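1. How does the following fold in three dimensions:
(4 chains, ligands or ions: 6)
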Amino acid sequence: MTEEVFVCSPSIREQRFLLECAVVSNDPVAPSHYRMRLHGPEIAAAAVCGQFCMLEVSKTLQPFLRRPMCFERIHPPTFDVLYKVEGEGTRLLSQFLPGQRISVQGPLGKGFPICSGVRRHILVAGGIGVAAMPALAEELVRRFAAVPEVVLAARTRDDVINEAFFRELGCHVQCATDDGSWGHRGLATDLLEQLKPEAQDCVYACGPMPMMRAVAALTAASGAMCFVSLEAQMACGDGACLGCVVQAKEEREGERMVRVCLDGPVFDARVIDWEAQDDNDAD
Amino acid sequence: MTEEVFVCSPSIREQRFLLECAVVSNDPVAPSHYRMRLHGPEIAAAAVCGQFCMLEVSKTLQPFLRRPMCFERIHPPTFDVLYKVEGEGTRLLSQFLPGQRISVQGPLGKGFPICSGVRRHILVAGGIGVAAMPALAEELVRRFAAVPEVVLAARTRDDVINEAFFRELGCHVQCATDDGSWGHRGLATDLLEQLKPEAQDCVYACGPMPMMRAVAALTAASGAMCFVSLEAQMACGDGACLGCVVQAKEEREGERMVRVCLDGPVFDARVIDWEAQDDNDAD
Amino acid sequence: MTTTPTDLPRLEVCVGGLRMKNPVTTASGTFGYGQEYDRYFDVSCLGAVTTKSITLQPRPGNKPPRLVETPAGLLNAIGLQNVGLDAYLAEKVPFLRAKQVPIIANIYGKSADEYAELARRLEEAGAADAIEANLSCPNVHDARRARGAVLVSQDCDAVAQYTRVIRSATRLPLFVKLTPNVVDIREPALAAQESGADAVCLINTLLGMAIDPETRRPKLSNVVGGLSGPAIRPIAVKMVWDAAQVLKIPIIGMGGICRAEDAVEFLLAGATAVAVGSMSFRQPDAAVAIIRGISDYLVRHGFSDVCQIVGKVRL
Amino acid sequence: MTTTPTDLPRLEVCVGGLRMKNPVTTASGTFGYGQEYDRYFDVSCLGAVTTKSITLQPRPGNKPPRLVETPAGLLNAIGLQNVGLDAYLAEKVPFLRAKQVPIIANIYGKSADEYAELARRLEEAGAADAIEANLSCPNVHDARRARGAVLVSQDCDAVAQYTRVIRSATRLPLFVKLTPNVVDIREPALAAQESGADAVCLINTLLGMAIDPETRRPKLSNVVGGLSGPAIRPIAVKMVWDAAQVLKIPIIGMGGICRAEDAVEFLLAGATAVAVGSMSFRQPDAAVAIIRGISDYLVRHGFSDVCQIVGKVRL
Ligand SMILES: Cc1cc2nc3c(=O)[nH]c(=O)nc-3n(C[C@H](O)[C@H](O)[C@H](O)COP(=O)(O)OP(=O)(O)OC[C@H]3O[C@@H](n4cnc5c(N)ncnc54)[C@H](O)[C@@H]3O)c2cc1C
Ligand SMILES: Cc1cc2nc3c(=O)[nH]c(=O)nc-3n(C[C@H](O)[C@H](O)[C@H](O)COP(=O)(O)OP(=O)(O)OC[C@H]3O[C@@H](n4cnc5c(N)ncnc54)[C@H](O)[C@@H]3O)c2cc1C
Ligand SMILES: Cc1cc2nc3c(=O)[nH]c(=O)nc-3n(C[C@H](O)[C@H](O)[C@H](O)COP(=O)(O)O)c2cc1C
Ligand SMILES: Cc1cc2nc3c(=O)[nH]c(=O)nc-3n(C[C@H](O)[C@H](O)[C@H](O)COP(=O)(O)O)c2cc1C
Ligand code: FES
Ligand code: FES
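-> Ligands and ions are numbered 1, 2, ... in the order given. Modelled structure (predicted):
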């Protein structure tokens, strides 16, 4: 089945842009979560779901690096990013006003493979991982008129984002919260387990490392396909600095390390050496 | 006469504040010049004309240092700063919006001495040096009902700032521009020379180093009192780092160097070793 | 000591015989003689005040310009302008003594004997609770002529010799401040320890330079200066960690400390106390926020005593 | 050469036998093998492309995390992950040769002989126009065990020996890249010159470290990393200026170059060419803007040839 997986992956898109995009809107959507809509026709036209862009959050040299953000929605000529304020960079991002311009580099990386012949598409998002899912859900609906099943996990009711969006799209949505204030009290994987993914199903996951590790284990056991969207500290976003690597289970082309920015951020879950992943990287 | 000068100097005000002030307005007043009005009751109440404050232009560590700005107007509970966009710090300053807060440290330094018994008060400003003058003019009018004479020099007509303000205050205003597009074509000192300052007069100057050197020479020759407001690269603004020194003509308390931030920024022109001043420091 | 969760953690540290009620002092040259900053907060809340370098005679310092801002940092070439020992004793000490804050008197001499004399006279006058020997000032040499190892602490033998001479002149806790411009910080640090130092202070500024493209002239009149500020923090943390691996005596860590987390980083790397330097320029009360923040950190992580985190980076 | 004000200034430089049509190359490890950035601009407009360090065998590099952002800078501990010589020759060279841009092949070996073999084979394959010997990588040692002078270029004798061995293996222009973690950069620079290097490259990254207060663990898996970016620029400029005072061979300057003015600063300090490093991460086409900006600077200041400003800081 390994071949299959690589066959259905989209080829690396060589098109990259470095453009000043106008901020269309930048509004809070939940406590310390914001959505920024950017006007960037070339980028929006080239982007596919699961890819990301790098935003220059400040014109000064501090922070020095751009911040990676995946495309939440791709509606040319605009695209959205959904972000959580984690530190200085995202705090600066939250201060942009409509009409201001921000330098965007993208689209970057490999997005979600859109495979035909899948029985059920199951999207599992934990925390800010939900940012990766709307574009995927829209694409699945558009391409296959499929109705994805969606599992949204968050700390508490206020942090559940995009539930209404997925419902309007026709998805079957289930929620889990740590404190039980909305939906199931517990983990995303509890709900995924109940959905009993099978060999013909495809699970797409984005969230904290422990969640993704659990999803990978669960799908591996059931034989379902599983694609995860990973995060790593990045400098270039382009495969040049070799900073964003994660350990793969096997050597590929002589290398044990895969680059999240170029080989990912979306990986077949079987490629990743889950034991080697450090829980402290993701929150 | 040296004693006189020191007698009429205000004592160092020990009151210093470190406060988040609300931006009331921040508007362009000429090409690349802005005026920011800040709400800071304690600072405005404590400040005297000629003193300055240090503004934290960014919440990030770049730029690392605060930016010194003199008080253009002091109208408790607000005060104004008038500034020219020179580099990164002032560019960031120009992006503040009404309602935002900015950390202000001040009032700092020694302001203009307000001496009684002066026949004519002559204010000479070159370029952005005009930022130091409105508070002084208002103070002179308030204290002595004096009508200061004002010389404003700028590159070109568009850069002449505050002319109407000084006229409304009742001052006699003369302008000079480098290109002759407004008022006299030539230097501030040409106009000052025509005013023939004498021993009973007091000249207050703020502007580029060559202008201040010329004003100092001219007043020294005529016997007029002369106070200059100097600039220097500053780190602390409080006399602690010893970074902002300029060379004095004679040793004072065993030191040849005076600190612009604590001993100044306003100095009796006779204190300064004008030969040692570097024209490249000021623009 | 038993604590309940509501107890405030113990912040007191002992650095080579100097008791500090918390691990935060000020970096020499960035806090004047304390009085300058007492306008913003009560400096007696500090673990200690470290003074600007004191020399036997007053020094005029270098010509201006003496400062250049750099990315997330600051280049300075003050050149040890200071009032000299006599004026320090007469004018600066009374304020600090009235404040009852421990004084770390930073000294600079042109020879080991000058350092010794400074230490002796400071002790006699009761004008210091510890001596910090600045063997690493980058700004007292003419950069146009300097060559090779020009700072005392770039030469381990010189560190040993100076330390011994100063040691013999005073019973006060003796701290030796080292330059980061060396191949291996452990060597001068060990030299200081073996010659009787009670602590080492890491780091002084890094040698740096900036040129104005418009005038094509160096931005500092002295051509070369010392780089400080957050830009150098990773370098400083590394040196503290390096030194902590081999030293028995404590370390006062400094270099770019801006917030409490930065101070904690130094403590974890192995510093027993920290000094806040250039950040005081930007935020005069930075040290107070850092003391409070260290306490909050300890509470949040369930520690009852700051000593529990010293050197406790988990490798 | 006579020029009228409307002529574009001459940007060509010759660095130890390597002709570059302008003085801007890329810093090793920050530009991949060129192809990565050709998506943003035509890399043939560069004076040269400097490759990621190449080793005889492929290297997996260090475990993640390998990057930490720091104030105005970046700590990295990549650990020389690279495809190895064979894959470099097969997969990377064809692109660069098709681009007709000069190649500075950066090499790293575990011994002088490995460097020599790399240089020989690169020359034989026509896969380099100059060799840059990285004698200064901070990330290939285990920081938990390292002690003393661990980088080749911290030891002048080793610099001399390595340089001689590599020199004897190739007729290509030979550049030697040095670490800033030394007392006096002039010494290894002179050692390289006297042993046959055609140029020196200054500076590699500075050793640094960062600790996460929340986890109390080093932020890099390798504990220690190399600091780059604008934060270190003043240190790099100083080292270039120092070395330029004593060297006859040219210098390629690097360390925190972000804009054209930064590049001009290095040229004035004495570098004949410059390399853009970490800034390419933030702005992939930074090097292009810098080439253009140098040209604009020369025009604005009335120079007809970039060589007129090399080393021309006015003291
Ligand atoms: C491919 C990719 C796509 C991403 N998409 C999104 C998204 O759509 N929405 C969103 O909110 N976040 C996303 N992230 C994470 C986001 O980039 C980080 O939260 C952000 O860079 C933090 O910047 P900061 O300056 O606010 O925080 P910092 O002050 O830099 O750090 C705060 C905390 O965030 C961690 N962090 C910093 N940078 C990264 C990084 N590049 N990756 C992971 N953790 C980091 C730090 O280790 C630290 O714990 C994505 C990351 C990657 C790699
Ligand atoms: C006591 C005092 C009062 C001042 N009052 C005013 C004022 O009312 N209005 C006003 O527009 N400006 C004033 N200045 C100057 C102002 O502080 C600088 O223009 C400002 O700091 C430049 O910051 P920047 O980041 O925009 O420029 P930078 O990028 O830092 O530098 C741009 C240029 O400005 C010069 N410069 C930078 N900082 C200073 C400084 N502290 N002093 C002098 N030159 C500097 C640099 O050398 C460089 O040539 C005052 C300066 C002092 C010392
Ligand atoms: C303006 C200035 C003046 C300094 N003067 C001295 C000094 O007189 N003696 C000394 O030992 N260190 C001096 N230093 C170095 C600091 O004490 C400290 O070691 C260094 O700045 C690193 O800390 P920081 O990055 O927090 O500033 C000075 C630093 C600055 C910025
Ligand atoms: C991520 C990264 C990887 C690097 N890899 C190498 C390398 O493989 N070989 C080398 O000689 N230098 C390497 N360097 C050092 C750079 O070439 C350069 O000397 C240093 O980064 C300073 O320049 P900068 O501040 O402009 O980045 C690397 C630097 C970075 C940031
Ligand atoms: S971020 Fe540079 S290789 Fe991935
Ligand atoms: S700015 Fe620090 S002494 Fe004046």
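2. tell me the centre residue of chain A?
-> A:Ala132 (3.0 Å; C-alpha atoms, centre = their mean).
3. per-residue pLDDT, it?
-> pLDDT, A:Ala132: 96.
4. neighbours around the residue nearest to it when sequence neighbours are not counted, how many?
-> Of all residues not flanking A:Ala132 in the chain, A:Cys206 sits nearest, at 4.1 Å (C-beta to C-beta, 6 or more residues apart in numbering or on different chains). Heads up, the C-betas are built off the backbone N, CA and C, glycines and all. The tally of other residues near A:Cys206 (other C-beta atoms under 10 Å in any protein chain shown) stands at 29.
5. what does C:Ser295 give?
-> Neighbours of C:Ser295 (other C-beta under 10 Å): 18.
6. roughly how far apart are the residue in the stretch 201-315 of chain C that chain A sits nearest to and D:Val183?
-> With C-beta to the nearest C-beta as the measure, C:Pro230 is the residue of the stretch 201-315 of chain C nearest to chain A, at 8.5 Å. Relative to D:Val183, C:Pro230 is positioned 25 Å away (C-beta to C-beta, to the nearest Å).
7. partner residues bridging A:Ala205?
-> Beta-bridge pairing of A:Ala205 under DSSP bridges involves A:Val124, A:Val228.
8. Comparing C:Pro230 and D:Val183, which residue is more hemmed in?
-> Between C:Pro230 and D:Val183, counting by other C-beta under 10 Å, C:Pro230 is the more crowded of the two (28 against 17).
9. Can you report how many residues neighbour the closest residue to the more buried one other than its chain neighbours?
-> Beyond its immediate neighbours in the sequence, the residue positioned closest to C:Pro230 (C-beta to C-beta, 6+ apart) is D:Pro71, lying 3.6 Å away. Neighbour count of D:Pro71, defined by other C-beta under 10 Å: 27.
10. Who are the contact partners of D:Pro71?
-> For D:Pro71, the contact set (C-beta atoms under 8 Å, 6 or more residues apart in numbering or on different chains) comprises A:62, B:61-62, C:71-73, C:229-231, C:233, C:256, D:231.
11. Can you check my assumption that A:Leu140 lies in a helix?
-> Yes. Assessed with DSSP: H, G, I helix; E, B strand; the rest coil, A:Leu140 lies in a helix.
12. Could you measure from it over to A:Cys53?
-> From A:Leu140 across to A:Cys53, the span is 21 Å (C-beta to C-beta).
13. Among these two, which residue is more densely surrounded?
-> The neighbour comparison of A:Leu140 against A:Cys53 (other C-beta under 10 Å) goes to A:Cys53, with 27 against 23.
14. The more buried one touches A:Phe71, doesn't it?
-> Yes. A:Cys53 lies in contact with A:Phe71 (C-beta atoms under 8 Å); the separation is 6.8 Å.
15. hey, what's in contact with both of these two?
-> Counting by C-beta under 8 Å, 6+ apart, the shared contacts of A:Cys53 and A:Phe71 are A:47, A:79, A:81, A:107.
16. which residue sits closest to C:Pro138, ignoring its sequence neighbours?
-> Among residues not flanking C:Pro138 along the chain, C:Gly226 sits closest, at 4.3 Å (C-beta to C-beta, 6+ apart).
17. ok, now A:Phe79?
-> Nearest residue to A:Phe79, sequence neighbours excluded (C-beta to C-beta, 6+ apart): A:Ala44, at 4.6 Å.
18. For that neighbour, give its distance to ligand 1.
-> Distance, A:Ala44 to ligand 1, by C-beta to the nearest ligand atom, to the nearest Å: 15 Å.
19. residue ranges of the strands in the stretch 51-200 of chain C, please?
-> Assignment of strands within the stretch 51-200 of chain C using DSSP state E, counting those that start in this stretch yields the ranges C:67-70, C:73-76, C:103-107, C:130-134, C:174-177, C:199-202.
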